[in-house]
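# Give me coordinates for this.
(one chain, ligands or ions: 1)
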Amino acid sequence: VWAAKAWREGDPGGTRAGRRPRAGSVPTGFLDVDVTSAPLALECLYTPWAPGTDSDGAPTPQDCPRVFSAGLDLTEMCGRNPAHYAEYWKAVQELWLRTYLSSLVLVAAINGACPAGGCIIALACDCRVLADNPKYHIGLNETLLGITAPFWFKDAYVNTIGHRASEQALQLGYLFPPSEALQVGLVDQVVPEDQVLSTALSEMARWLAVPDHARQLTKNMMRKATADRLLRQRDADIQNFVSFICRDSIQKSLQVYLEKLRQRKG
Ligand SMILES: CCCCCCCCCCC/C=C/C(=O)SCCNC(=O)CCNC(=O)[C@H](O)C(C)(C)COP(=O)(O)OP(=O)(O)OC[C@H]1O[C@@H](n2cnc3c(N)ncnc32)[C@H](O)[C@@H]1OP(=O)(O)O
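Residues are numbered from 1 along each chain as shown. Here you go, the predicted structure:
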């Protein structure tokens, strides 16, 4: 995810938030950022695993190819206590709200798998460019983990691909391969892998060519109702999450899923 302001100011790689992935692990991504403390400058929100800049100062997000974001860190949702879950979910909400409501132009350059939480952050951007690789699936697969996507994930999905497609994809936990993601409108462009970044930059330029104030007001007009729905019920949403995730059956499902992931690796 690139933030326009930093890009325009010629500091595309200088400020990044987030933990680098563990060696041999996938970036579960953005929730390593401490979004609950000091106000988070969204300009700092680059894909956390992007390693640096190339000789031209352009970002080179190839440190961890194959994965854009593996979504929320399941280890944060397993075997912890209710206070931890509440704090974690508040951070998830905060990150999404700030991204979704950002007045900056945000372009997601999706260079790998993009399930669940990864998809929701991509959906919060203004535009999505996906690398054309059949392994790079995108979507909300929560049901396959034995959990439910929260209502605001669902709202963002419906806003993007419509009600019927969302209903079907959400129930099935369907992850769209690039061609289908394009067809259903989940992403805006599918391009060869080595063109993701340049295409994202072209998109960025296109969006930045529009007078800022008009674009920002329009963005807010389009997104406010969806964001307000969560803002009105943030505490209830946290309580729902905590009581849901604390259920023995849900904990069991998540543990089984995590174990499967670990075994698949071996
Ligand atoms: C009444 C209703 C109330 C509703 C209340 C709300 C309910 C809860 C809502 C919760 C919303 C959840 C959102 C999420 O984002 S859940 C996470 C979904 N993500 C996934 O399913 C992706 C899983 N990962 C993969 O498919 C693959 O890892 C991936 C394709 C991304 C990469 O494959 P690759 O082969 O490159 O890597 P490995 O599979 O070998 O994985 C390497 C290590 O990383 C670990 N891993 C992977 N994903 C995660 C994850 N999301 N969290 C934590 N750890 C993860 C994997 O186990 C390997 O670990 P080790 O190195 O330790 O073995």
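
# and the stretch 101-250 of the chain, which of its residues are near the ligand?
113, 115-117, 141-142, 145, 147-148, 150, 240-241, 244-245 (C-beta under 6 Å from any ligand atom). C-betas here are computed from N, CA, C, even on glycine.

# Can you pick out the ones from those residues that are in strands?
Counting by DSSP state E, the members of these that fall within strands are 113, 115.

# tally of neighbours for the nearest residue to Trp152 once chain neighbours are set aside?
The shortest distance from Trp152 to any non-neighbouring residue, by C-beta to C-beta, 6 or more residues apart in numbering, is to Leu230 (4.5 Å). When counting by other C-beta atoms under 10 Å, one arrives at 18 neighbours for Leu230.

# Distance of Leu230 relative to Val107?
According to C-beta to C-beta, to the nearest Å, Leu230 stands 23 Å off from Val107.

# burial of Cys127, as a residue count?
19.

# Export the helix ranked longest in the chain to PDB, keeping only CA atoms.
In the chain, with assignment by DSSP state H, the single longest helix is helix 212-232. Presented in PDB, the C-alpha positions along helix 212-232 are these (Å, rounded to 0.1, in the frame of the first residue of the first chain):
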ATOM      1  CA  ASP A 212      -7.300  17.000  -4.100                       C
ATOM      2  CA  HIS A 213     -10.100  18.700  -2.300                       C
ATOM      3  CA  ALA A 214     -12.700  17.500  -4.700                       C
ATOM      4  CA  ARG A 215     -11.400  14.000  -4.700                       C
ATOM      5  CA  GLN A 216     -11.200  13.900  -0.900                       C
ATOM      6  CA  LEU A 217     -14.700  15.200  -0.400                       C
ATOM      7  CA  THR A 218     -16.000  12.700  -2.900                       C
ATOM      8  CA  LYS A 219     -14.200   9.900  -1.200                       C
ATOM      9  CA  ASN A 220     -15.600  10.800   2.100                       C
ATOM     10  CA  MET A 221     -19.100  11.100   0.700                       C
ATOM     11  CA  MET A 222     -18.800   7.600  -0.700                       C
ATOM     12  CA  ARG A 223     -17.300   6.000   2.400                       C
ATOM     13  CA  LYS A 224     -18.800   7.800   5.400                       C
ATOM     14  CA  ALA A 225     -22.000   5.700   5.800                       C
ATOM     15  CA  THR A 226     -20.000   2.500   5.900                       C
ATOM     16  CA  ALA A 227     -17.400   3.800   8.300                       C
ATOM     17  CA  ASP A 228     -20.100   5.400  10.500                       C
ATOM     18  CA  ARG A 229     -21.800   2.100  10.900                       C
ATOM     19  CA  LEU A 230     -18.700   0.700  12.600                       C
ATOM     20  CA  LEU A 231     -18.000   3.900  14.500                       C
ATOM     21  CA  ARG A 232     -21.500   3.800  16.000                       C
END
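
# shaky segments in the stretch 1-150 of the chain?
1-65 (pLDDT under 70).

# mind listing the strands for it?
Counting by DSSP state E, counting those that start in this stretch, the stretch 1-150 of the chain has these strands, from start to end: 2-3, 66-67, 106-110, 112-115, 127-131, 138-139.

# Between strand 106-110 and the fifth one, find me the angle.
Okay, so that is strand 127-131. 10 degrees (axes from the mean of the first three to the mean of the last three C-alpha atoms, to 10 degrees).

# Need phi/psi at the closest residue to the ligand within the chain.
Nearest residue of the chain to the ligand: Gly71, at 2.6 Å (C-beta to the nearest ligand atom). The phi/psi pair for Gly71 (degrees, to the nearest 10) reads phi 90, psi -160.

# rewinding a little: and the residues of the stretch 101-250 of the chain next to the ligand, which are buried?
Buried members of these, scored by 16 or more other C-beta atoms under 10 Å, are 113, 115-117, 141-142, 145, 147, 150, 241, 245.

# No more questions from me, cheers.
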